[in-house]
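Peer 1: I need the structure of the sequence given here:
(2 chains)
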Amino acid sequence: MVKDPLQESVGQYALRMVNIEKYFGLVRALTNINLEVGRNEIVGLIGDNGAGKSTMVKILTGVFPPTRGELYIADRKVDSRRYNVQSAHAHGIETVYQDKSLGEKQVLWRNFFIGRQIVNRFGFIDVKKEKAIANEIMVKTIGFRSKGITVDSNVSQLSGGERQGIAIGRAMHFEADLIILDEPTVALSLKEVAKVIDFVHKIKEGGKASIYISHSIPDVYEVSDRFIVLDRGEIGASIPKKDISLRDLDGFLLEYAHGLKDKE
Amino acid sequence: MNSVRSVFRFLGRLEGFAIAMVLLLLYVVLIIAAPSVFTRPLIYISFLETVPPTLIAALGLTFVITAGEIDLSFPAVVSLSGFALSWAWRSFDPTYGAWIGIGLALAAGALVGYINGVMVARIGVPSIMATLAANFFWYGISILLAGGLQVTLKGSQDNFVHELFVGRLFGAVPAQALWALGLAVLLWFVLNRHKFGESVMFIGDNANVARVMGVNVEATRIRLFAFHGMIAAFAGIIVTLDIGVFYPDQGNFLLPAMASVFIGGTSIAGGSGSVFGTLFGAYVIGSLEAGVVATTISGYWVQVVEGVVMAAVIVLNAATGKGNLAALSSRFHLLKVSASANSAQELLRKDDTAPN
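Peer 2: I've put the predicted structure just below:
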């Protein structure tokens, strides 16, 4: 069922990073990052702690600019000095974090629209419309079947997996072209992880792109079309899924870690 | 049983229901304890006159606390805005000077709030410190400008503005009570139905989430403090017009206003606020002192009784917050019906983890 993503997206990238570098003072966090993500490609980003994954995410989502290098979104160059979280949203980049995506004490329908409410010209929210759309996202996009959970439920009533589902569903509804999932399954039970994986499959089916970051290699393997191994601020390898089995990928990563250790 | 529970659930969801019941209970107790005072309308009219300034300031404070911040500077704003009104009253012909004064007062409140907001949002000073300093500073400025003296609003009784804001409807109902009620309704809509209010709730809930979801956290915080400054200035206008005199200490209701917000059910943790809770809370706080005095309990006991009532209400709030009233009612039901103590306990434990 999974088509070759590289073929499908020739000349059409959701995202391209060209020679991106990032220094914090004299500390080099990222060097020579060249990476492209196809329009309908799920890229699994793998790397040890401190490899530079979160630095990369923060550059992509506009939290801070790169020191050097160019960023292209949907084949258009981005002025990195003017690029921030708001303009990342405007460019169709949405991020789902491990725990920073939803307002815990708020009802679900508010969480779908916070930051881009449907308002009249006095700024008052069209609650009916927001609830109707939120309900549609929950039923159609996310496929929520949990009993007793409605758009009026509080986020605190949801399980961890359901919360991530809401965050992903929201990103999909707002026509995100690229959804960055930063460790979305940490602290979730196995059953909940399966739900999140399901949501990521829906991103693929929806024709969108994603960068999936996780420590869990089996999860990354399951959802990704291609794996990028990040090591000490550099891209160590880029392997299409069709070229490698889960066991080989696991072995490769182990060897990789050992090999580098031996060099030290 | 089910219908009883659903009634409880419905009532528990009504904003400020619990504290409204407390207010009702308070009046029932007072009617029994001091019938000569509390069976006559005069005492209630007096509450409708004295509570609104505290209530109005507390309504604005509800927003600030919902955003997870605090504003201790509104007593100074009440004072400063009263001075601005009295200055314009004295300096211009009162027929239009009153309106200039009201404009100046609101502008002064917004300015003080704006500066608070900049200190908190841009410079990063914790709001408790920034607004504490602001309270000293602006109170001092207000005393300085007034030369430490009171200023009488000459002929205020005959002025239309007086009639409009603090006159008596049908010769009985103080107009400020209606203004306060109207403001409460408006602010409920702003908090629960406006973009600004929603942003305030999300910021109080988790400012990081609000930020990554595209809320301009800094600008909203600045607006929030300016907003409360203007509302506090309105409270100052009401006080000054009502007594016809400006005096520097007129905003001396910091603690009653804060107590009104908290017993009304707004959480100190931020993220959600109860506008109508604050409305009823302010009347509970405002009725307590006069009420306890009227029962002829020795004056030394007044504050003790007030403290006990406040603590009791806050405990009640913790138990009944958002839907927990329904959970409570189902507990009674379980306690009565369940034959097996074990299963009841198990269910109770489940309820304990219910979100509040």
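Peer 1: B:Gln250 reaches B:Ser81, doesn't it?
Peer 2: No. Distance between B:Gln250 and B:Ser81: 9.6 Å, which falls outside the contact criterion (C-beta atoms under 8 Å). No exception for glycine: its C-beta is placed from N, CA and C like everyone else's.
Peer 1: comparing those two, which residue is more hemmed in?
Peer 2: For B:Gln250 versus B:Ser81, the count of surrounding residues by other C-beta atoms under 10 Å in any protein chain shown is larger for B:Ser81: 37 against 23.
Peer 1: pretty sure that one is in a helix, no?
Peer 2: Yes. Assignment of B:Ser81 by DSSP: H, G, I helix; E, B strand; the rest coil places it within a helix.
Peer 1: and it, how far is that from chain A?
Peer 2: Distance, B:Ser81 to chain A, using C-beta to the nearest C-beta, to the nearest Å: 26 Å.
Peer 1: can you pull the pLDDT of that residue?
Peer 2: pLDDT, the model's per-residue confidence, is 96 for B:Ser81.
Peer 1: show me what contacts it?
Peer 2: With C-beta atoms under 8 Å, 6 or more residues apart in numbering or on different chains as the criterion, the residues that contact B:Ser81 are B:105-106, B:108-109, B:232-234, B:236-237, B:240.
Peer 1: out of these, who's the most crowded?
Peer 2: Within the contacts of B:Ser81, neighbour counts (other C-beta under 10 Å) peak at B:Ala232, which reaches 35 neighbours.
Peer 1: all helices for the stretch 101-250 of chain A, in order.
Peer 2: With helices called from DSSP state H, counting those that start in this stretch, the stretch 101-250 of chain A shows them at A:108-113, A:127-136, A:160-173, A:190-205, A:217-223, A:246-263.
Peer 1: ok, back up a step: what's the overlap in contacts for B:Gln250 and B:Ser81?
Peer 2: In terms of C-beta under 8 Å, 6+ apart, B:Gln250 and B:Ser81 are both contacted by the residues B:236, B:240.
Peer 1: before we move on, back to that, mind putting the helices of the stretch 101-250 of chain A in JSON lines, distance to B:His162, mean pLDDT and mean neighbour count included?
Peer 2: Formatted as JSON lines, the helices of the stretch 101-250 of chain A follow (distance: least, C-beta to C-beta, whole Å; pLDDT from 0 to 100; neighbours: other C-beta atoms under 10 Å in any protein chain shown):
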{"stretch": "helix A:108-113", "distance to B:His162": "42", "mean pLDDT": "90", "mean neighbour count": "25"}
{"stretch": "helix A:127-136", "distance to B:His162": "39", "mean pLDDT": "90", "mean neighbour count": "16"}
{"stretch": "helix A:160-173", "distance to B:His162": "52", "mean pLDDT": "81", "mean neighbour count": "23"}
{"stretch": "helix A:190-205", "distance to B:His162": "62", "mean pLDDT": "83", "mean neighbour count": "18"}
{"stretch": "helix A:217-223", "distance to B:His162": "70", "mean pLDDT": "88", "mean neighbour count": "19"}
{"stretch": "helix A:246-263", "distance to B:His162": "80", "mean pLDDT": "72", "mean neighbour count": "12"}
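Peer 1: mind putting these into TSV with distance to B:Ala219?
Peer 2: As requested, those are arranged in TSV below (distance: least, C-beta to C-beta, whole Å):
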stretch	distance to B:Ala219
helix A:108-113	19
helix A:127-136	22
helix A:160-173	23
helix A:190-205	32
helix A:217-223	38
helix A:246-263	45
